[in-house]
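K.L.:
sequence first, predicted coordinates after that:
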Amino acid sequence: MHSLLNQLQSDEALLMMYVAGELSAEDRARVEQRLADDAGLRAELERVRELNGFVDESLAGLDVGARLPVSEGVAVRKVGRVMRQWQTDRMAPHEPEEPADQLRFPWWSYPLTTAAAILIAFLVWWGQQDGPPEPRP
């Protein structure tokens with residue numbers, strides 16, 4: 001498995017993962033080494049921690065002010081049921097579906113068939129014609 005540090009685009013994303021505890025032990029050690037060496041990164045870490053604390057407090061305040069439409073136990077059961085169904089659907093073998101807009105024959109066969117039908121209609125019409133008109137005396 002590749003290191004998560006190689007996939008993160010910025011120091012801010014790295015620090016957010018660090019604060020959230022989402023890094024592996026190896027990645028966490030590498031970040032702590034960088035923090036020990038870089039004062040600017042330490043200042044950025046404090047800023048990220050302050051923002052994280054602010055967001056946590058704000059969300060907690062919103063949770064207190066807004067009641068859930070159902071009890072917590074019911075919500076947990078519903079979410080668990082949906083997650084199990086999603087996992088079941090994901091693991092079940094599925095048949096490949098044909099797109100509704102997919103043509104039955106190759107695209108080039110349609111204009112070719114139209115041209116052939118027009119040619120046959122012209123030949124039938126031409127074959128039904130009498131010869132040239134006879135001159136009048």
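P.N.:
It's in. This structure is a prediction, so every number in the text was calculated from the model and none was measured.

K.L.:
contacting residues for the most centrally placed residue in the chain?
P.N.:
In the chain, the centroid-proximal residue (CA atoms, centre = their mean) is residue 90; its distance is 15.1 Å. By CB atoms under 8 Å, 6 or more residues apart in numbering, no residues touch residue 90. Every residue, glycine included, has its C-beta placed from N, CA and C.

K.L.:
could you report the pLDDT at it?
P.N.:
At residue 90, the model reports a pLDDT of 88.

K.L.:
now swap in residue 29 and tell me
P.N.:
Reported pLDDT for residue 29: 92.

K.L.:
which helix or strand contains it?
P.N.:
helix 25-37 (DSSP states H and E).

K.L.:
and after that helix, which helix or strand comes next?
P.N.:
Next along from helix 25-37, by DSSP H and E: helix 39-65.

K.L.:
now the angle from that next one to helix 25-37?
P.N.:
120 degrees (axes from the mean of the first three to the mean of the last three CA atoms, to 10 degrees).

K.L.:
just checking, what packs against helix 39-65?
P.N.:
helix 11-20, helix 25-37 (3 or more CB pairs under 8 Å, 6 or more residues apart in numbering; DSSP states H and E).

K.L.:
for residue 106, find the nearest of the ones you listed.
P.N.:
Residue 106 sits nearest to helix 11-20 of all the helices and strands packed on helix 39-65, at 47.5 Å, using CB to CB.

K.L.:
next one: the closest one to chain centre, how far?
P.N.:
24 Å (CA atoms, centre = their mean, to the nearest Å).

K.L.:
what does stretch 107-126 contact?
P.N.:
Contacts of stretch 107-126 (CB under 8 Å, 6+ apart): residue 103.

K.L.:
related to what we said a few turns ago, next, the angle from the helix holding residue 29 to helix 11-20.
P.N.:
120 degrees.

K.L.:
packing partners of helix 25-37?
P.N.:
Using 3+ CB pairs under 8 Å, 6+ apart: helix 25-37 touches helix 11-20, helix 39-65.
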